[in-house]
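A.B. asks: generate coordinates for the sequence data below:
(one chain, ligands or ions: 1)
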Amino acid sequence: MMKCPNCQSKDIGKIGINQFYCWNCFIELSVSKGTIYTHQVEEDGTLSSLDDLFDESTRKLS
Ligand SMILES: [Zn+2]
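C.D. replies: A predicted model of the protein is given here:
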């Protein structure tokens, strides 16, 4: 079961192939090679990476 690395919520919605959205803290998550990548959607619609906020073990899918 996937958990949001940011808020630990399991309230994750699927929005595309390997793309997910956390309904609790409103960040986008994508999964590649067993690692979760985190993105924040800015007001102008661009995505900025939040990955440097989390260490690698937090972002691994178990
Ligand atoms: Zn979250």
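A.B. asks: does the ion sit close to the longest strand out of those in the chain?
C.D. replies: What stands out as the longest strand in the chain, according to DSSP state E, is strand 35-41. No. Against the ion, strand 35-41 shows no contacts by C-beta under 5 Å from the ion, the least distance being 8.6 Å. All C-beta spots, glycine's among them, are computed from the backbone N, C-alpha and C.
A.B. asks: who in this structure is up against the ion?
C.D. replies: Residues of the chain lying near the ion (C-beta under 5 Å from the ion): 4, 6-7, 9, 22, 24-25.
A.B. asks: again, 6 Å this time
C.D. replies: Proximity of the chain to the ion (C-beta under 6 Å from the ion) is limited to residues 4, 6-7, 9, 22, 24-25, 27.
A.B. asks: which of those residues has the most neighbours?
C.D. replies: residue 22 (22 neighbours; other C-beta atoms under 10 Å).
A.B. asks: so what's that one bridging to?
C.D. replies: residue 12 (DSSP bridges).
A.B. asks: list the contacts of it.
C.D. replies: 4, 6-7, 9, 11-13, 28-29 (C-beta atoms under 8 Å, 6 or more residues apart in numbering).
A.B. asks: done for today, thanks.
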